[in-house]
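Enquirer: Sequence first, then the predicted structure, then my questions.
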Amino acid sequence: MGTTDHLPEKGKDITNEGSKKSPTRLFQSGSTGRRGFLAVVGTAAAAGFLSTGTAGQSAGTLENDEVTLMLSMGSGVGSFTLRATELDDGYLLYPSASTTYLTVQVDGTNYTTSSAGEQMDQYLTDEPAVDGESVAMAWQLPEGVVVTQTIELVGPLAEFTVDVENTSGQAHDVNVRYLFDYQVQQQDGSPIWLQNEVLTTEREFEDLTFDSWNTYNQIPDPTLTGLAEIETEPQLIQFVSWPSAVGVAYDYEIDPDRQFFDPEYESGDSAGLLYWELGSIAAGGTRSVVTRYGLGEPGEAAETFNLRFEDQESEGDSVVVQSVYLPQAGFVVIHGEDGDVLGVSEYLTAGPHEDLEISLDPALETDATLVAMLHEETNDNEAFDFVETDGAEDGPITDGEGNAVTDDALITLPGDEPEEPEEETEEEEEEEEPEAEEEEEPEEESTEEEDESSDDYSRTYEAHLSGEDHGIETDAGGRVTFTVDSHDEGTDIHYEATVQDICNVTQAHIHLGAACEDGPVVAWLYPETGMEPALMAGSVSGTLTEGTITEDDLIDAWEGATIEDVETAFAEGEVYVNVHTEDHPSGEIRGQIQSTS
């Protein structure tokens, strides 16, 4: 359905098949001199924007006390990024303006403020003009359709308005789409909170029953939250994996099994796609769409567990828990009115679950109010041991205030009348004391368990790639993510490299050397088999390569080194990634490997 000129494989899943490595996305930062990004201070400048102007604000920046929007002013005019003003790392979108963009489709031709379709830069008629807390820019497309984008800061939100005017003498079919590349603080795979549900895999919605949603920096207990609001209702909204969607200018096809946030590794890469089908616009006709995105308020911590245990009829031998989001692997446990355990779900992995049927033993003989409580898996045997160990293992999961996460439901047997709400409230109060007793002891034991398993870990390192470090003028860029996993079988390094707008890649390596210094190759990244260059002809935007580095893959200066030695070099900034092309055999884009902590 969509064009994929800049992706090597359409809809390629970013997860590593056969592995639990975190899905990651690498990103094109570009050459700041060529792209002309404008920024204000601090983290924005570090993210690849060119700071200009006076009085602390540049020509491409809108800022108030709550949010700061930075606009691309060179290539890709009209793209933008957004962050919370008072936080150095308060990102609300990925911190490069080039990854969030606008598409205007006219009679089937896709015009974009990125490289995914036909770039709109060549049709720019009105350069971005900042007026206080708003900025406007306009393009006249070849069909005679004039597009004006106006961005205005309204309190904690940025309001985006797209006005379309048909100045030609004939009707044109016009559609509009925004791609928002979500990143909240350091979480590039921001999970979506929509209608009391946590979304972590690709989903789409038509005939909308909502007009807002949130993006979170973490689940549960978010400390920074993005808020999206709809003014003009879109015909379609998709929440997607950015690496799979970025190269599709319009009509992206979702994969419901594709994760954009991995609960186990708390990483990923999420985006929101909003489609407005404006239809046929007659000569002289106009259309407008309006949407907003910005800074939200973190909700109640317990809400993000999405635990729903609704009143229901039952034969007494089982109940159904409608939904739950587990931040770590564990169980949903059904407690009776006296606090006793009546039923336990099967072992559940971290993430969302729906319609869990849980058997009760003993079965209910009368109506009762039961409590569903979340318990964590603490000893990795995938069996519920809370009762057998007197609470020493598999204790309750708690929220940010240390309270057990619970929901209660009135279970009605056939032919019985529901109990009065007053009686239900009394039963809930009676349950609080046994729940509190169950919480106390497991928390201490859980700490001991964590100490025992402290040898297992997963740490992430990144290299942001551009031509800057060695003076190459190029629009290409990228990012490489390394995940170091230590486990019972040993330690290995999984890597994934994503690039944008790079042509004719021949090889990619890890080199030993500090920033701005050249050094020897110590490990191959592309081709994965290593030791011999292999031409990847044409332009690439998307995943370049991914694989796993073991000690057998280390060469030359690193021959005989351990993975622990490699991670030490990562942490101390002693190595860099270099991507070589036919035009630049010694390397077109490179970047120092650094910890993401």
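Expert: Good, I have the coordinates.

Enquirer: before we move on, what SS does the spatially most central residue of the chain have?
Expert: Residue closest to the average C-alpha location in the chain (Cα atoms, centre = their mean): residue 189, at 1.6 Å. Under DSSP: H, G, I helix; E, B strand; the rest coil, residue 189 falls in the coil class.

Enquirer: Distance-wise, check the residue lying closest to it once chain neighbours are set aside relative to residue 111.
Expert: In space, and not counting its chain neighbours, residue 189 is closest to residue 268: 2.4 Å by Cβ to Cβ, 6 or more residues apart in numbering. All C-beta atoms are positioned from the backbone trio N, CA, C, and that covers glycine. Shown here: residue 268 relative to residue 111, a distance of 29 Å by Cβ to Cβ, to the nearest Å.

Enquirer: Residue 91 now?
Expert: Going from residue 91 to residue 111 by Cβ to Cβ gives 27 Å.

Enquirer: of these two, who's got more company?
Expert: Ranked by neighbour count (other Cβ atoms under 10 Å), residue 91 and residue 111 place residue 91 first, with 26 against 23.

Enquirer: give the contact list for the more buried one.
Expert: Residues in contact with residue 91 (Cβ atoms under 8 Å, 6 or more residues apart in numbering) are 43, 81-84, 183-186.

Enquirer: List phi and psi for it.
Expert: Per-residue torsions, residue 91: phi -60, psi 140 (degrees, to the nearest 10).

Enquirer: Please name the bridge partners of the residue nearest to residue 189.
Expert: Counting by DSSP bridges, residue 268 is bridged to residue 261.

Enquirer: Likewise for the one 5 residues further on?
Expert: In this structure, residue 273 has the following beta-bridge partners (DSSP bridges): residue 179, residue 238.

Enquirer: State whether it and residue 176 are indeed in contact, as I suppose.
Expert: No: Residue 273 is beyond contact range of residue 176, at 11.4 Å (criterion: Cβ atoms under 8 Å).

Enquirer: Tell me where the model's unsure across the chain.
Expert: Within the chain, the ranges that satisfy pLDDT under 70 run 1-59, 299-304, 400-401, 416-456, 488-489, 529-530, 597.

Enquirer: rewinding a little: surely the residue nearest to the centre of the chain touches residue 258?
Expert: No: with contact defined as Cβ under 8 Å, residue 189 does not reach residue 258; the gap is 11.8 Å.

Enquirer: Show me which residues of stretch 581-597 are buried.
Expert: Neighbour-count burial for stretch 581-597 flags 581, 584, 587-594 (criterion: 16 or more other Cβ atoms under 10 Å).

Enquirer: How far does that stretch sit from its chain's centre?
Expert: Relative to the centre of its chain, stretch 581-597 is centred 24 Å away, using Cα atoms, centre = their mean, to the nearest Å.

Enquirer: cool, stretch 244-254 as well?
Expert: 16 Å.

Enquirer: how about the closest residue to residue 496 other than its chain neighbours, phi and psi?
Expert: Leaving aside its sequence neighbours, residue 496 sits nearest to residue 546 (Cβ to Cβ, 6+ apart; 4.0 Å). Taking degrees, to the nearest 10, you get phi -150, psi 160 for the backbone angles of residue 546.
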